[in-house]
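Peer 1: with the input below, show me the fold.
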Amino acid sequence: MSGARQQDEQARQSGPAASVWTRAVRRPWTVVCVVAAVVVGPAAATASALDRANAAPPLHAPGVSS
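Peer 2: As a prediction, this is how the structure comes out:
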């Protein structure tokens, strides 16, 4: 039995939960969504932090007149 065939057979025999995960991981949309989450997640967190920093009142150093 070839390696890929053997893995498919093991996935089928190990139960319904294992086969669902195996099929989900092999789907292209799953891969696309995971990649998007990895790329967009940190960018969104950074943008949110920058928005909060820009919304804060400016800090004036003591003794400096404007």
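Peer 1: distance of R27 relative to T46?
Peer 2: 30 Å (CB to CB, to the nearest Å). All C-beta atoms are positioned from the backbone trio N, CA, C, and that covers glycine.
Peer 1: now swap in P57 and tell me
Peer 2: 21 Å.
Peer 1: in the chain, which spans are helices?
Peer 2: 3-13, 16-26, 28-55 (DSSP state H).
Peer 1: could you dump these to JSON lines with mean pLDDT and mean neighbour count?
Peer 2: Shown next, in JSON lines, are those (pLDDT from 0 to 100; neighbours: other CB atoms under 10 Å):
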{"stretch": "helix 3-13", "mean pLDDT": "60", "mean neighbour count": "11"}
{"stretch": "helix 16-26", "mean pLDDT": "73", "mean neighbour count": "11"}
{"stretch": "helix 28-55", "mean pLDDT": "89", "mean neighbour count": "10"}
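Peer 1: now P28: how far from V35?
Peer 2: Taken as CB to CB, the span from P28 to V35 is 11 Å.
Peer 1: actually A45, not the one I wrote
Peer 2: With CB to CB as the criterion, A45 and V35 are 17 Å apart.
Peer 1: what of P58?
Peer 2: Distance from P58 to V35, by CB to CB: 39 Å.
Peer 1: same deal with L59?
Peer 2: The value you get for L59 to V35, if CB to CB is used, is 39 Å.
Peer 1: and what of A44?
Peer 2: 15 Å.
Peer 1: swap in N54?
Peer 2: From N54 to V35 the distance is 29 Å (CB to CB).
Peer 1: go on, D51?
Peer 2: 25 Å.
Peer 1: what do you get for P57?
Peer 2: For P57 relative to V35 (CB to CB), the value is 39 Å.
Peer 1: and what of A43?
Peer 2: From A43 to V35 the distance is 13 Å (CB to CB).
Peer 1: same check on R23?
Peer 2: For R23, the distance to V35 - CB to CB - is 19 Å.
Peer 1: for A55, same thing?
Peer 2: Taken as CB to CB, the span from A55 to V35 is 31 Å.
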